[in-house]
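Trainee: The following comprises the amino acid sequence and a computationally predicted model.
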Amino acid sequence: MKFLFTLLFSVSIFAANIKCESFYQIEQDFGLDVEMSFTLKSFGDGEYHIKDRNISFAVDADEGSPWYEFNGSSEKVITNNKSYKPRKYKGHVQFDYTSGLDEVNGEEGFFGYTSFLLPISSISDLHVGSEFKAILIMSWVSDHWGASRTLGCQVTSL
């Protein structure tokens with residue numbers, strides 16, 4: 001009986017395929033185009049996994065020749081940082097989204113660091129078509145740049 005109870009709680013509570021994109025934000029200094037897609041799984045007790053990650057990332061792409069761009073994907077599963085204790089983004093889970101990504105046009109992967117923040121209140125009740133905002137915090141991009149952007153996200157399937 002204890003085995004069945006443990007088995008019940010070891011399977012995911014939900015899994016959702018999600019797509020996130022940057023959108024025009026007038027207060028930002030220059031263009032950043034981001035498209036991300038992934039599968040989010042919840043295991044209860046504050047544990048979330050992201051798998052099947054894809055990202056397309058271009059800084060200052062409005063001029064036709066991006067200052068920095070990156071296209072990558074990974075099947076490696078990443079888990080949210082349970083020790084994340086934010087001062088500003090309370091009620092969010094945090095992932096190192098670009099960890100272990102393989103860049104399409106290079107061996108070094110993403111050059112910089114990212115924190116991808118998902119609001120717990122939004123990802124607790126997902127259904128196809130539901131929309132929410134997420135935060136992508138970038139630092140040390142191409143050794144020179146950092147910023148944060150709000151992304152518009154939508155659940156594409158469950």
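Mentor: It's in.

Trainee: can you give me the helices for this protein?
Mentor: 2-10, 120-123 (DSSP state H).

Trainee: least reliable of these going by mean pLDDT?
Mentor: Ranked on mean pLDDT, the bottom entry among the helices of the chain is helix 2-10, at a mean of 43.

Trainee: Tell me how many other residues crowd Ala134.
Mentor: Residues lying near Ala134 (other C-beta atoms under 10 Å) number 21. All C-beta spots, glycine's among them, are computed from the backbone N, C-alpha and C.

Trainee: wait, doesn't it sit right on Ile120?
Mentor: No - counting by C-beta atoms under 8 Å, Ala134 sits too far from Ile120 to count as a contact (11.5 Å).

Trainee: What segments of the protein are strands?
Mentor: Remark: strands assigned in the chain by DSSP state E are 14-22, 32-42, 48-59, 68-74, 78-79, 92-95, 102-103, 113-119, 131-141, 145-157.

Trainee: Mind listing residues that contact the fifth one?
Mentor: Think strand 78-79. 47-51, 53, 95-97, 99-100 (C-beta atoms under 8 Å, 6 or more residues apart in numbering).

Trainee: Kindly recompute the last result at 7 Å.
Mentor: Applying C-beta atoms under 7 Å, 6 or more residues apart in numbering, the contact partners of strand 78-79 are 47, 49-50, 95-96, 99.

Trainee: Give the pairing partners of that strand; include direction for each.
Mentor: Using DSSP bridges, strand 78-79 pairs in its sheet with strand 48-59 (antiparallel).

Trainee: now the strand it pairs with, how far from the centre of its chain.
Mentor: Taking C-alpha atoms, centre = their mean, to the nearest Å, one finds the center of strand 48-59 at 6 Å from the center of the full chain.

Trainee: Average pLDDT for that strand, rounded please.
Mentor: On average, the pLDDT along strand 48-59 is 89.
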